[in-house]
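Student: Sequence isn't available, so here's the structure alone:
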């Protein structure tokens with residue numbers, strides 16, 4: 001009798017329907033897949049948005065940087081410039097990634113900036129003072145190989161007589177030129193007709209301290225030949241200028257200027 005009771009109790013237990021039992025693994029797989037899809041979408045949502053790299057080749061560096069930043073991109077300038085015969089100095093030669101590509105926002109775009117042409121033109125510095133000639137050559141990125149002083153009847157003292165290569169020549173940047181500088185006209189002391197009328201003096205001029213900036217000192221000689229600039233160079237306030245001048249004729253006058261101001265007049 002006890003066995004019959006146990007058998008009846010066991011027969012009365014409930015079990016899932018066989019169809020439901022078959023669906024349970026499928027439901028579990030679908031749940032896992034749903035979690036995975038949601039995770040992928042969440043990951044995609046967290047990624048930066050796509051943006052298109054603007055075309056910046058040929059633009060000035062500053063304008064290119066603004067355009068890229070507006071597109072949500074970061075800018076990095078390549079540390080070395082590159083010569084270009086077509087892209088002006090300071091403008092963009094290339095970008096990496098290139099313009100037109102689609103990338104994620106926040107991507108770094110590296111720019112290579114032009115140094116301009118590898119060549120420069122020899123400026124015309126004839127008849128300029130040595131100081132001005134040197135400044136013009138520096139601006140053209142040229143170096144002076146040598147300076148030679150020569151007598152010249154027409155070009156005033158300390159001004160450029162000629163240079164080689166001549167003005168207008170195309171040279172690579174940092175090439176060298178040679179220049180000839182005037183020593184003024186040559187007075188032949190052995191010429192007896194001039195000996196009696198040849199006059200000279202050494203000037204010792206102290207420049208005023210009240211000037212606000214460096215100015216050019218110019219020494220002019222007025223004699224039988226006319227007015228000639230015997231000296232012209234830039235000096236700082238308070239400098240002392242020592243220079244020997246000469247002229248020919250019964251009446252020789254010397255004038256010393258500091259900027260536009262006449263400092264000294266002397267008759268020899």
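Tutor: Yep, it's here. Since this is a predicted model, take the numbers as computed values, not measurements.

Student: Contact partners for residue 262?
Tutor: 255, 256 (Cβ atoms under 8 Å, 6 or more residues apart in numbering). Placement of C-beta: from N, CA and C, glycine included.

Student: where's it relative to residue 219, distance?
Tutor: For residue 262, the distance to residue 219 equals 11 Å [Cβ to Cβ, to the nearest Å].

Student: So the closest residue to residue 87 other than its chain neighbours: helix, strand or coil?
Tutor: Nearest non-adjacent residue to residue 87, counting by Cβ to Cβ, 6 or more residues apart in numbering: residue 114, 4.1 Å away. What DSSP: H, G, I helix; E, B strand; the rest coil gives for residue 114 is strand.

Student: picking up where we left off before, so what sits against both of residue 262 and residue 219?
Tutor: With Cβ under 8 Å, 6+ apart, residue 262 and residue 219 have common neighbours 255, 256.

Student: which sections of the stretch 151-268 of the chain are below the confidence cut-off?
Tutor: 187-196 (pLDDT under 70).

Student: let's go with 80 and repeat that
Tutor: Along the stretch 151-268 of the chain, segments meeting pLDDT under 80 span 184-198.

Student: Helices along that one, start to end?
Tutor: 192-195 (DSSP state H, counting those that start in this stretch).

Student: so what's residue 130 closest to, chain neighbours aside?
Tutor: Once flanking residues are discounted, residue 130 sits nearest to residue 158: 5.4 Å by Cβ to Cβ, 6+ apart.

Student: residues contacting the one you found?
Tutor: Applying Cβ under 8 Å, 6+ apart, the residues near residue 158 are 129, 130, 181, 182, 229, 231, 232, 233.

Student: Pull out the buried positions in stretch 257-266.
Tutor: Neighbour-count burial for stretch 257-266 flags 257, 258, 259, 263 (criterion: 16 or more other Cβ atoms under 10 Å).

Student: Tell me how far it lies from the chain's centre.
Tutor: 38 Å (Cα atoms, centre = their mean, to the nearest Å).

Student: same question, stretch 251-260
Tutor: That offset, for stretch 251-260, works out to 40 Å (Cα atoms, centre = their mean).

Student: Quick check: end-to-end length of it?
Tutor: Distance between the two ends of stretch 251-260: 24 Å, counting by Cα to Cα, to the nearest Å.

Student: ok, now stretch 72-92?
Tutor: Stretch 72-92 end-to-end distance (Cα to Cα) = 19 Å.

Student: Quick check: buried residues in it?
Tutor: Neighbour-count burial for stretch 72-92 [16+ other Cβ under 10 Å]: 73, 75, 81, 84, 87, 91, 92.

Student: just stretch 147-167 next, same as before
Tutor: 152, 155, 156, 157, 158, 159, 160, 161, 162, 163.

Student: Can you tell me the closest non-neighbouring residue to the second one?
Tutor: Leaving out its chain neighbours, the residue that sits closest to residue 155 by Cβ to Cβ, 6+ apart is residue 182, at 4.0 Å.
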